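Colleague: Prediction below, plus the sequence it came from.
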Amino acid sequence: MTIPSALAAPRTLALRRRLIAAVLVAAPLAAAAQAVPARGTGAAMPAPRPGMVVVAGTVPDEGARQAILARVRELYGADRVVDQLGVANLVAPPGWAEKVQRMLSPELKQVRHGQIAIQGNLVEIKGEVANEAVRQQLVSTLSTQINNPTYTVRNGLRVAAAGQEQVDSALASRTIEFEAGSSDLTPSGQLALDQLVPVLSQLSGRSFEIIGHTDAQGARSTNVALSAARADRVKTYLVGKGMQASAFSTSGVGPDRPVASNETPEGRARNRRIELRVGQ
């Protein structure tokens, strides 16, 4: 199952005969997991809308699938849950489904932009939380709920910097758009940045990381270079609007962190994006 992040491709699951699940936790700018084939169809599921909770991956039987979905719907509301969970003849550790249900606790609602990925007896949780105490408590709670020394919990949670929510809200309904295959901003992309400047100006003295992303079409090396160039272009534009150049760092990760399926035009459009992270 997925809390918003990319899952292993279905073919990887089949080759390794490993169990995987991911539960996507909703957030104001919830990232969606890469779509997996709909059960029995082989067709890609549509990219979920922001704010939805996606349950995706593969479990060993229908009973486990229904139980996990029921738990997520109980936590977040049935109208917010997107079912992308499939069934395959995979080997699970004893009592695996019951442990997954216990891990899906109300405490997970404290995570924003996150993911809990469960592959056999390896559990990894990522995302943002309000403070260090919550970060430590969530992992402790997961370990207690599992109550099995053969399980490993990896803590990928980070404490959200003050101001991140304001930046996320400013970008929630706007797209920093570029010309196709180019680092040139479109007029609408420039407008989105113009509207972002006042928000960043209110966070004077803070640092910002601009991260460029692309879809998966074309060579990865080309996409990584393009994503870095787009991040640099955003920095140049913001500096031209009066922001301090020293406040920004840039990077490009190409297609490596999708937030939607690359199998549809809509999903690829969502993956071509700029992420702006507020530093301490």
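Modeller: That came in fine, so what should we check first?
Colleague: Point me to the residue sitting farthest from the middle of this structure.
Modeller: For the chain, the largest distance from the centre (CA atoms, centre = their mean) belongs to Gly242, which lies 31.3 Å off.
Colleague: residue contacts, it?
Modeller: Applying CB atoms under 8 Å, 6 or more residues apart in numbering, one finds that Gly242 lies in contact with 197, 201. Yep, even glycine has a C-beta here, placed from its N, CA and C like the rest.
Colleague: Please settle this for me: is it part of a strand?
Modeller: No - for Gly242, which was evaluated using DSSP: H, G, I helix; E, B strand; the rest coil, the result is coil, with no strand membership.
Colleague: where does it land on pLDDT?
Modeller: Note on Gly242: pLDDT of 94.
Colleague: Next: Ala216.
Modeller: 88.
Colleague: before we move on, what about Tyr76?
Modeller: 86.
Colleague: Next up, phi/psi of the closest residue in space to it that isn't next to it in sequence, please.
Modeller: Excluding the flanking residues, the one nearest Tyr76 by CB to CB, 6 or more residues apart in numbering is Val53, at 4.6 Å. Dihedral angles of Val53 (phi, psi; degrees, to the nearest 10) stand at phi -110, psi 110.
Colleague: I figured Val53 hits Asp83, correct?
Modeller: No - Val53 is not in contact with Asp83 according to CB atoms under 8 Å; the separation is 10.2 Å.
Colleague: The two: which has the busier surroundings?
Modeller: Taking neighbours as other CB atoms under 10 Å, Val53 and Asp83 compare with Val53 leading, 25 against 17.
Colleague: mind checking how far that one is from Asp79?
Modeller: Distance of Val53 to Asp79, computed by CB to CB, to the nearest Å: 10 Å.
Colleague: any idea which element Gln145 lies in?
Modeller: Using DSSP states H and E, Gln145 maps to helix 132-146.
Colleague: Which residues are in contact with Gly163?
Modeller: 202-203, 206, 278.
Colleague: Show the buried residues in these.
Modeller: The neighbour count (16 or more other CB atoms under 10 Å) marks 203, 206, 278 as buried among those.
Colleague: Surely the first one is in a strand?
Modeller: No - assignment of Leu203 by three-state DSSP gives coil, placing it outside any strand.
Colleague: list the contacts for it?
Modeller: If you count contacts by CB under 8 Å, 6+ apart, then Leu203 has 163, 166-167, 278 around it.
Colleague: One more pass at 7 Å, please.
Modeller: 163, 278 (CB atoms under 7 Å, 6 or more residues apart in numbering).
Colleague: For Val123, see how far away it is.
Modeller: Leu203 is 34 Å from Val123, by CB to CB.
Colleague: try the last one
Modeller: Taking CB to CB as the measure, Val278 and Val123 are separated by 28 Å.
Colleague: and what of Lys109?
Modeller: With CB to CB as the criterion, Lys109 and Val123 are 17 Å apart.
Colleague: Same drill for these two, tell me which one is more crowded.
Modeller: Set Lys109 next to Val123 and count neighbours by other CB under 10 Å: Val123 wins out with 23 against 13.
Colleague: and the more buried one, helix, strand or coil?
Modeller: Under the three-state scheme (three-state DSSP), Val123 adopts strand.
Colleague: dump the residue contacts of it.
Modeller: 103, 116, 142, 151-154.
Colleague: If we use 10 Å, what do you get?
Modeller: By CB atoms under 10 Å, 6 or more residues apart in numbering, the contact list for Val123 reads 21, 99-100, 103, 116-117, 139, 142-143, 145-146, 151-155.
Colleague: Compute the distance between it and Tyr151, please.
Modeller: Taking CB to CB, one finds Val123 at 6 Å from Tyr151.
Colleague: Cool, thanks, talk later.
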